[in-house]
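Trainee: Can you look at this prediction? I've put the sequence above it.
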Amino acid sequence: MLQLPQRRLFFFTNTTVLMALKPLTTIITTTFSHIPNTTYAYTNKINKIPFSFSSSKLLQNTQRLFTSSCFSKPMSPISPPLSRPHATIPRPVVVENPEQHEKESDEMKELRQKLEEYNIEGISYKPGQRNGLTCPQCRGGDSEENSLSLFIGPDGTAAWNCFRAKCGWKGVIKGSNGNATVSLNTKIRTAVKPPKRVITETSLQLEPLCNELVDYFAERMISRETLRRNSVMQRRYGEQIVIAFAYRKDGVLVNCKYRDITKRFWQESNVEKVFYGLDDIKGENDIIIVEGEMDKLAMEEAGFRNCVSVPDGAPPSVSSKEVPSEEQDIKYEYLWNCKKYLEKASRIILATDGDSPGIALAEELARRLGRERCWRVNWPKKIVDGYYKDANEVLMYLGAGALRDVIEHAELYPIQGLFNFSDFFQEIDAYYHQTLGYELGVPTGWTALNDLYNVVPGELTVVSGVPNSGKSEWIDALLCNLNHSVGWKFALCSMENKVREHARKLLEKHVKKPFFDVRYGELAERISVQELEEGKQWLSNTFHLIRCENECLPNIDWVLKLAKAAVLRHGINGLVIDPYNELDHQRPPSQTETEYVSQMLTKIRRFAQHHSCHVWFVAHPRQLHQWVGKAPNLYDISGSAHFINKCDNGIIIHRNRDPDAGPMDQVQVCMRKVRNKVIGTIGDAFLSYDRVTGLYMDIDDVPVKKKN
C-alpha cells in the first residue's frame, strides 16, 4: 500500500503568525503607490497535497500559510502584504492570469506567444488595450521607469515603442488568421544597464525560520538541517511572515526570493540572476537542474546536493526562434551568469516538472547547455491516474529511495538524428519474430521469381528495358498480383498512359478477358457489362491516380507530395512513377545531371522508407547504337549510373524478338541488383506473355494449345 507522509496539525501561538492566517481579504486592503523601487515577478504552482485536520471548525475561516514553493503559470496580480511604514516592500508588477489564457481567442494566444519571444510579458491582451511596461531592452534605465508603451489593436496587431531617448526600441507584430509577421527597427540602441544592487541579510531584514514554518517544511519531508544548509529564512511584512529563499554566489547573498500566504512568488529587483543553490555545483561533473526551490531541497533529502533550481520558473512553450545572443537572452540570463559553474559539467540532468511548461523549460535549457551533455528524467506513474509532477511530490508520496531511483535512471536527452540501437530494440525484436508484416517480402505471384525477387515495403525498385519490351505491362501485372494476394493499394503516376487505356490494361489482367472483341481479342470472350461494373469498383478501391492536367511537366517533389497525401488519406502500399523522362528535370546551372539524379533518387528512397511504401521507378535506357537484341543492363539507363547505385532492386524487362531464339511470347525478367539478400538474389526468370489478356504466366503454367 502507498505510504503517505504523516500529516500533523500545528497551532500558531505567535500573534504575528495568527494574523497571517486571517482571510486574505482582510489582509490586503491598501494600494502601494508609495512603495520603493523594487519590482517582482509572481508565479504559482499548486500541488495537491493530502492534509488531515482533527477539527474542521478550528480552521474554518483561515487559510494555510504556505503550500508548494515550485514554479508554474503566473497568477493574477495581487498587491503584496501590508507592511509597517519603515519596511522595504516590493512593488507589484502587472502579471498574467492563467484563467485569462483560456478565454483568449486563437489570434490573441498567438499574439501572446509572439510577444513573449521578445520578452514582452505580463500584459493585458484585450483588444484596444494600451499597456505601460518596463522595456526589456533598457529596463527603464536607472529609474526603472515604465518607458515601453504597447498597444493591442482590435485586429490582433501589437505595436510598441520605448520612449527613453537612449533606447528607442520599437516594433510591430501583425497577426491575421493565425499568421504573424514581425517588423523591428534596425537602429536599436544599446542601453546602459544600471549597476546591480548589493543586498545583505540585514538590509532585507531576514531572520531564522519560526517553528511553525519548520513544521510546514517537515510536512513536505524537508528537514531542519536541509533548511539551515540552504539558507531558507523568513521575512516579515507588517503582520505577515513569508518564506525567504536566499540565493548565494560564492557564499555572498546576491538575490532573495519570497513566498507568501497567497501562493505568490517574487524576488528582489535589479540583482544578479543566478541558480538557487549555485555553490553546490561548483566544480561538479554531474549536476541536476530542477524547476523550483522546494525541488532543490527535496533532491538534497534524497542525497543529491549537486542540484540547483532555476529562479524564474518555466515558459509556456518552446520558442520557435534561434537562441539569442548573451546580451539579448534576458529570460535566461541566469544561465550566462552561471556559465563558469556549468562549463565543467559533462552530465546535466534536467529534472524539470512533467507538465507542458516543465517540458518546454527542459528544451530551452538543453538548447543553451548543449543536448549532447543533457539527460532527462521520467517521473513515476501514479497508482490511480497520471504521473508525479516533480521531485518534491515524489519525495512526499514515494520517499527518498524512489527519488534517487528516478535520478539514477535518467535517460539521454534526445538529439534529432542521433540514435542508439537500443532505441530500435522493439523493432528489431518484431523483425526477428516477423510480426511487423512482410519481413520476407510479398511474393510476386510467379513461381519463377520466388527466389529472385519479393516485394518489401519501403524499398525502391528501378525497372528498365528497351522500348516496347513490356516494362509498364509487367508492373501492372505485378500490382494486380499483389492486390489479389495481400490486398495492397497503389498510386499510379503513369504519364505515358491515357486513363481509359490504363484502366483497360488493368481490367484485362484482373478479369482475365480482353476489353474488346476485335483484332487482338476477336477469338476470346469479351469482358461482360457486369464484369465491367465490378471491375470499375475494383479499380476505384485499388488505384489512385497522380496526374498533371495542365501543360506543365511535374517534378519529383510534386509527385512525392501527392504520393504522401495518398499514403495518409488512402493507405497506399505502393507507388509507380512511369517513366523518368516524363518528369521535369530542370536543375541549377551549377548542378550536373549526375548530381541531380543522385539527389532525386535519395528523395524517392526517403519517401519509401518514411512511409513504408514500395516505389517502382521506370527509366528508359539511353539510345543503343549497336544493339543486337540482347537485354541491356542498368548502367545503360539514360542519365546516370546512380540509377543502379541508389536503388534497392534493379530489374530489366526484356522481350524476345528473334523467332530462332525462342517463343515470341517469352519475356525475360533480369534481376540485376538486390540489396537485401533476404528477399532475393541476382538471376534471370522467364515468363510467358498473353497478348489477349495482358497476363504474365510461369512457363510451366501456360496451357498447351490444342492442335486442329
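Mentor: Thanks, I have it.
Trainee: any idea which helix or strand comes after the strand or helix carrying residue 368?
Mentor: Using DSSP states H and E, the element containing residue 368 is helix 356-369. Counting by DSSP H and E, the element after helix 356-369 in chain order, helix or strand, is strand 374-376.
Trainee: Let me see the ranges of the helices in the stretch 501-650 of the chain.
Mentor: Under the criterion DSSP state H, counting those that start in this stretch, helices of the stretch 501-650 of the chain are mapped to 529-542, 556-570, 593-610, 642-646.
Trainee: could you redo these as JSON lines and give each row distance to residue 171 and mean pLDDT?
Mentor: Bear in mind the C-beta positions are built from the backbone N, C-alpha and C, glycine included. Formatted as JSON lines, the helices of the stretch 501-650 of the chain follow (distance: least, C-beta to C-beta, whole Å; pLDDT from 0 to 100):
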{"stretch": "helix 529-542", "distance to residue 171": "54", "mean pLDDT": "96"}
{"stretch": "helix 556-570", "distance to residue 171": "35", "mean pLDDT": "95"}
{"stretch": "helix 593-610", "distance to residue 171": "39", "mean pLDDT": "93"}
{"stretch": "helix 642-646", "distance to residue 171": "48", "mean pLDDT": "86"}
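Trainee: Among those helices, which comes closest to residue 676?
Mentor: Proximity to residue 676 (C-beta to C-beta) singles out helix 593-610 among these, at 12.5 Å.
Trainee: which strands and helices sit next to the closest one?
Mentor: Judged by 3 or more C-beta pairs under 8 Å, 6 or more residues apart in numbering; DSSP states H and E, the packing partners of helix 593-610 are strand 460-464, helix 556-570, strand 574-578, strand 614-618, helix 642-646.
Trainee: what sits up against that helix?
Mentor: With contact meaning C-beta atoms under 8 Å, 6 or more residues apart in numbering, helix 593-610 is reached by 458-460, 556-557, 560, 563-564, 575, 577, 585, 587, 613-615, 617, 639-643, 645-648.
Trainee: redo that, cut-off 7 Å
Mentor: With contacts defined as C-beta atoms under 7 Å, 6 or more residues apart in numbering, helix 593-610 is touched by 458-460, 556, 560, 563, 585, 587, 613-615, 617, 639-640, 642-643, 646.
Trainee: distance between the helix holding residue 368 and the chain's centre?
Mentor: Distance of helix 356-369 from the chain centroid (C-alpha atoms, centre = their mean, to the nearest Å) equals 12 Å.
Trainee: List the buried residues for it?
Mentor: Neighbour-count burial for helix 356-369, counted by 16 or more other C-beta atoms under 10 Å, picks out 357-366, 369.
Trainee: which secondary structure elements does it contact?
Mentor: On a contact count with 3 or more C-beta pairs under 7 Å, 6 or more residues apart in numbering; DSSP states H and E, helix 356-369 meets strand 347-351.
Trainee: Indicate each strand paired with the strand it packs on and its parallel or antiparallel sense.
Mentor: Note on strand 347-351: by DSSP bridges, its sheet partners are strand 286-290 (parallel), strand 374-376 (parallel).
Trainee: most tightly surrounded among the ones you listed?
Mentor: strand 286-290 (a mean of 25; mean count of other C-beta atoms under 10 Å).
Trainee: relative to helix 356-369, how tilted is it?
Mentor: The directions of strand 286-290 and helix 356-369 differ by 140 degrees, with axes from the mean of the first three to the mean of the last three C-alpha atoms, to 10 degrees as the criterion.
Trainee: just how off-centre is strand 286-290 within its chain?
Mentor: 23 Å.
Trainee: C-terminal to that strand, what's the next element?
Mentor: Remark: after strand 286-290, the chain's next helix or strand is helix 293-301, criterion DSSP H and E.
Trainee: Need the helices and strands packed on helix 593-610 in CSV (columns: mean neighbour count).
Mentor: CSV is the format used below for those (neighbours: other C-beta atoms under 10 Å):
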stretch, mean neighbour count
strand 460-464, 26
helix 556-570, 17
strand 574-578, 25
strand 614-618, 25
helix 642-646, 19
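Trainee: Which one of the ones you listed lies nearest to residue 139?
Mentor: Nearest to residue 139, of all the helices and strands packed on helix 593-610, is helix 556-570, at 47.9 Å by C-beta to C-beta.
Trainee: Packing partners of that closest one?
Mentor: Other helices and strands packing on helix 556-570, by 3+ C-beta pairs under 7 Å, 6+ apart, are strand 490-494, helix 593-610.
Trainee: and among these, the most buried is which?
Mentor: For the helices and strands packed on helix 556-570, the highest mean count by mean count of other C-beta under 10 Å goes to strand 490-494, at a mean of 24.
Trainee: What angle do helix 529-542 and it make with each other?
Mentor: 100 degrees.
Trainee: Run a quick neighbour tally on residue 250.
Mentor: 9 (other C-beta atoms under 10 Å).
Trainee: so what's the closest residue to it other than its chain neighbours up against?
Mentor: Excluding its sequence neighbours, the residue lying closest to residue 250 (C-beta to C-beta, 6 or more residues apart in numbering) is residue 279, at 6.7 Å. Residues near residue 279 by C-beta under 7 Å, 6+ apart: 248, 250-251.
Trainee: let's see it at 10 Å
Mentor: For residue 279, the contact set (C-beta atoms under 10 Å, 6 or more residues apart in numbering) comprises 248-252, 305, 308, 341.
Trainee: Filter these down to just the ones in helices.
Mentor: Secondary structure assignment by DSSP state H places residue 341 of the contacts of residue 279 in helices.
Trainee: Tell me the buried residues within the contacts of residue 279.
Mentor: Counted by 16+ other C-beta under 10 Å, these give 248-249, 305, 308, 341 as buried.
Trainee: circling back to that earlier point, with distance to residue 538 added, can I get the helices and strands packed on helix 593-610 in TSV?
Mentor: Formatted as TSV, the helices and strands packed on helix 593-610 follow (distance: least, C-beta to C-beta, whole Å):
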stretch	distance to residue 538
strand 460-464	24
helix 556-570	15
strand 574-578	16
strand 614-618	20
helix 642-646	33
